[in-house]
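*Asks:* return atomic coordinates for the entry below.
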Amino acid sequence: SFYDDLLQEMDIKKIKGVNQVQFAYSIRGTSIRSFPTELFITDDPADNDFDLFQETALGPAEPVIILHQSKRGKWCFVQASCCSGWVPAVDLAVAAAFETWFAYLQADPFLVVSGSRLWLGYNTYSPELSELEFMMGARIPLAVRDEIPRVIDNQSPDGCYVVKIPVRGTGGRLLFKLAFVPCVSDVSIGYLPYTTKAVIKQAFKMQGERYGWGGLFHSRDCSSFVRDSYRCFGFQLPRNSGEQMLIPGQKYSLDGADRQERQRLLEQLRAGAILYFPGHVMLYLGKHREEYYVIHAIAYYGDQRKRDADGIYLPVPLNTVTISPLSLRRRRSGKELLMAITSALKIE
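*Replies:* Coordinates of the predicted model:
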């Protein structure tokens, strides 16, 4: 059967009590999968948006620890900074020594992508670097002056930051190449100063972009939207929304709170606080004309004017990063977002 084949490919019997691990970097944008397969799995044949096997996306130059390999060696089970799962082996470059891997991880100075995303330029001389895409908050080590020649890939470095990018050499071993990031790019040397205004500014840079479950379509879902907003300041949030609410900070429980209690709490919160209910996370913006607003990556909301035969609110697609009032209704239950929130978090 399909699942039996997957279990065989996972080769779980080869996992011992103690296992040798490898240290690697992603060399391009890729996916972390629940199982070692690229098949798009849904619970509805008409669904083109939600792949049940998609855990999250990895950008280039992301550190991972390889814990296990699939039977045919085409997939690696990895631990990344925010998630674990299966990654295609061809998307990873393995360090010959831990020290090499760790030195790149700790390299300073470094650039942080402060725009929604950054693309490297088209490069015919080093196609493995050509048009690589880095998402907001990505950390890219800068080359030191002594490493920078007068010409790189037939281009002068004048007017550019020169960064070091991991690439895959013979046998999948880790190498590094130099690449350009134009100085006019929306990047920062080091992490951005952490302020309320800066968090909101970062969040609004993603407004209008497509929703993408688990990083599908080169996009973000609700938790990666929040994660990327805070990554620019040096915070490393977990992948999943529920785990994000477990990080240190000032926490408020709204379980069992009535409408007035919720409104009183929101009026005390500053913009940029994280609001959560199971399955969804949002950034709070504030109150305007008796409405409380958030910015979030959202797939659907419930149409309170239309219900099916079971009384379930019919979904209205948004699939975008947008500003919403907390009077917006949830997709199935029709419950107001305001009344659905179970907790709030201020990162201090």
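*Asks:* what's the following helix or strand after the helix or strand of the chain at the bottom of the mean pLDDT ranking?
*Replies:* For the chain, using mean pLDDT, DSSP states H and E, the weakest element among its helices and strands is helix 241-244, scoring a mean of 90. Later in the chain than helix 241-244, the nearest helix or strand by DSSP states H and E is strand 250-253.
*Asks:* from the chain's centroid, how far away is the helix or strand harbouring Y104?
*Replies:* Assessed by DSSP H and E, Y104 sits inside helix 98-105. Centroid separation for helix 98-105 versus its chain: 22 Å, with Cα atoms, centre = their mean, to the nearest Å.
*Asks:* and stretch 310-320, by the same measure?
*Replies:* 25 Å.
*Asks:* how about that stretch: buried residues?
*Replies:* Y313, L318, N319, T320 (16 or more other Cβ atoms under 10 Å). Placement of C-beta: from N, CA and C, glycine included.
*Asks:* elements contacting the helix holding Y104?
*Replies:* With contacts taken as 3 or more Cβ pairs under 8 Å, 6 or more residues apart in numbering; DSSP states H and E, helix 98-105 sits against strand 22-26, strand 63-69, strand 174-182.
*Asks:* which elements pack onto the next helix or strand after it?
*Replies:* Next helix or strand after helix 98-105 toward the C-terminus (DSSP H and E): strand 110-113. Under the contact definition 3+ Cβ pairs under 8 Å, 6+ apart, strand 110-113 sits against strand 139-141, strand 187-189.
*Asks:* please identify the deepest-packed of those.
*Replies:* Mean neighbour counts were compared across the helices and strands packed on strand 110-113 using mean count of other Cβ atoms under 10 Å; the top stretch is strand 139-141, at a mean of 21.
*Asks:* confidence score at E9?
*Replies:* At E9, the model reports a pLDDT of 97.
*Asks:* one more: R117?
*Replies:* 98.
*Asks:* before we move on, what about S327?
*Replies:* Looking at S327, its pLDDT reads 97.
*Asks:* hmm, back to that, which residues touch the helix holding Y104?
*Replies:* F23, A24, Y25, P63, A95, P141, K164, P166, L174, F176 (Cβ atoms under 8 Å, 6 or more residues apart in numbering).
*Asks:* so is L275 in a helix, a strand, or just coil?
*Replies:* strand (DSSP: H, G, I helix; E, B strand; the rest coil).
*Asks:* ok, the buried residues of stretch 310-320 vs F225, which is closest?
*Replies:* T320 (10.5 Å; Cβ to Cβ).
*Asks:* that older thread, out of the buried residues of stretch 310-320, which are inside strands?
*Replies:* Y313, L318, N319, T320 (DSSP state E).
*Asks:* need the helices and strands packed on helix 98-105 in TSV with distance to G214, mean neighbour count and mean pLDDT, can you?
*Replies:* Shown next, in TSV, are the helices and strands packed on helix 98-105 (distance: least, Cβ to Cβ, whole Å; neighbours: other Cβ atoms under 10 Å; pLDDT from 0 to 100):
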stretch	distance to G214	mean neighbour count	mean pLDDT
strand 22-26	15	23	98
strand 63-69	16	19	98
strand 174-182	26	19	98
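*Asks:* now render these as a markdown table, adding distance to F134.
*Replies:* Below are these laid out as a markdown table (distance: least, Cβ to Cβ, whole Å):
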| stretch | distance to F134 |
| --- | --- |
| strand 22-26 | 11 |
| strand 63-69 | 14 |
| strand 174-182 | 9 |
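*Asks:* those strands: which one's closest to H288?
*Replies:* The nearest among the helices and strands packed on helix 98-105, by Cβ to Cβ, is strand 174-182 at 37.5 Å.
*Asks:* show me where this structure dips below the pLDDT cut-off.
*Replies:* Of all residues in the chain, none has pLDDT under 70.
*Asks:* just say helix, strand or coil for the spatially most central residue of it.
*Replies:* Geometric centre of the chain, nearest residue: S224, 4.0 Å, by Cα atoms, centre = their mean. Following three-state DSSP, S224 is assigned to helix.
*Asks:* I'd say it and H296 touch.
*Replies:* No. Assessed by Cβ atoms under 8 Å, S224 is found out of contact with H296, at 11.4 Å.
*Asks:* any chance of the helices and strands packed on strand 110-113 in a markdown table, plus distance to T195?
*Replies:* As requested, these are arranged in a markdown table below (distance: least, Cβ to Cβ, whole Å):
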| stretch | distance to T195 |
| --- | --- |
| strand 139-141 | 20 |
| strand 187-189 | 14 |
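*Asks:* those strands: which one's closest to D11?
*Replies:* So among these, strand 139-141 is nearest, using Cβ to Cβ, at 32.8 Å.
*Asks:* what residues does that closest one touch?
*Replies:* With Cβ under 8 Å, 6+ apart, strand 139-141 has contacts from 61, 104, 107-113, 134, 163-165, 181.
*Asks:* let's go with 7 Å and repeat that
*Replies:* A61, Y104, A107, F110, L111, V112, F134, V163, K164 (Cβ atoms under 7 Å, 6 or more residues apart in numbering).
*Asks:* many thanks, we can stop here.
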